[in-house]
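Student: below are the sequence and a predicted model for it; my questions follow.
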Amino acid sequence: MAELKPLKSGYYIWTYLPSQPAAAIFAILFIVSSLAHVWFLVQRRTWFCIVLTIGCIMEALGFAIRIQCYNNTDKLMPYIIQNLFILLAPILFAATIYMTLSRVIRSVPDGESCSMITPRKLTRVFVTGDILSLLIQGNSTPLTIIANGKYAKYSNYVVMLGLLLQLVMFAIFGITAMVFHKRYSRRSSLASNGLWRKQIHMLYAVSILIMIRSVYRMIEYSTGTTGYVMTHEWFLYVFDATLMWIVTIVFLIYYPSQLSAKMADPDDSEYISLDPRKP
């Protein structure tokens, strides 16, 4: 029977025995969603969604490695790898959300005039923020594990900074999306419903899920390794794994394949419009 073991230094990196059944369930769920996203990616040629697909694969690998951690609580590398994959994958989901909004704006007639940020700048600004968040969290997470005392505390603060940056970027993104939604909806020439509106609503839904997850992670790191959140595994599965899997499924249901065609010119034969007035 497995037991909680410390590293050779005597330091416990785990505060509980990780559940194998829970990790196995989510490894399978994310494998299924990964395969589905790979299929959609290839069949519909939505290459900008490759980032989301990589995020799905990272989640699947993270939970698969977590299964092995049950019998290896005294091993450092499996812990670090699974923690990094599960922590960083949602940043890739967020990048896809930003790119999807950019394509929604470009895919409707006069969409750019209704946006407070041009689609080109929107992608650059938010994806750059995402990369910054990824670098901050990716470089600091291992330090929260291997560092001791005040250094571990400082490392937690740096990870929280990365999570805070992600939340701030999402808040600005939400304002940008709502401004576009409101302005474009006011156009009297447009019908009340359309594919563009469904895509916007989808982006709202998945953004809220990722924000809830980011708040949970901030609370987790702010309370430290001895805090209630970090010492109870169910928080991870309720506020991270479940929410992120739902994000991957919502993207499958409302897959933005209509946004992958050339969008520069509405008169172009390859242009696919999300304007409900046009076929």
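Tutor: Structure received.
Student: per-residue confidence for residue 31?
Tutor: We note a pLDDT of 98 for residue 31 in this prediction.
Student: do you know how far the most centrally placed residue in the chain is from residue 21?
Tutor: Nearest residue to the geometric centre of the chain (CA atoms, centre = their mean): residue 90, 2.3 Å. Taking CB to CB, to the nearest Å as the measure, residue 90 and residue 21 are separated by 23 Å. Every C-beta, even on glycine, is put in place using the N, C-alpha and C of the backbone.
Student: show me the contacts for the residue nearest to the centre of the chain.
Tutor: Taking CB atoms under 8 Å, 6 or more residues apart in numbering, we find residue 90 in contact with 55, 210, 213, 214, 244, 247.
Student: check which helix or strand it maps to.
Tutor: Residue 90 belongs to helix 76-107 when assigned by DSSP states H and E.
Student: do the same with residue 171
Tutor: Per DSSP H and E: residue 171 is located in helix 149-185.
Student: next, the angle from that helix to helix 76-107.
Tutor: Inter-element angle recorded for helix 149-185 and helix 76-107: 20 degrees (by axes from the mean of the first three to the mean of the last three CA atoms, to 10 degrees).
Student: returning to what we had before: turn the contacts of residue 90 into JSON lines, columns for neighbour count.
Tutor: Shown next, in JSON lines, are the contacts of residue 90 (neighbours: other CB atoms under 10 Å):
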{"residue": "55", "neighbour count": "27"}
{"residue": "210", "neighbour count": "20"}
{"residue": "213", "neighbour count": "21"}
{"residue": "214", "neighbour count": "23"}
{"residue": "244", "neighbour count": "24"}
{"residue": "247", "neighbour count": "28"}
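Student: and the two most separated of those residues?
Tutor: Greatest spatial distance among the contacts of residue 90 (CB to CB): 55 and 214, at 14.4 Å.
Student: if we can go back for a sec, sort out which residues of the helix holding residue 90 are buried, please.
Tutor: 76, 78-107 (16 or more other CB atoms under 10 Å).
Student: just stretch 204-217 next, same as before
Tutor: So stretch 204-217, judged by 16+ other CB under 10 Å, has buried residues 206, 207, 209, 210, 211, 213, 214, 216, 217.
Student: and those as CSV, adding secondary structure, pLDDT and distance to residue 197?
Tutor: Listed next are the buried residues of stretch 204-217 as CSV, based on DSSP: H, G, I helix; E, B strand; the rest coil; pLDDT from 0 to 100; distance: CB to CB, whole Å:
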residue, secondary structure, pLDDT, distance to residue 197
206, helix, 97, 15
207, helix, 95, 16
209, helix, 97, 19
210, helix, 95, 21
211, helix, 94, 21
213, helix, 95, 25
214, helix, 93, 26
216, helix, 95, 30
217, helix, 93, 31
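Student: which residues of this protein fall in helices?
Tutor: 20-44, 50-69, 76-107, 119-146, 149-185, 195-223, 234-236, 242-253 (DSSP state H).
Student: among the ones you listed, which comes closest to residue 4?
Tutor: Between the helices of the chain, helix 50-69 lies closest to residue 4; by CB to CB that is 11.1 Å.
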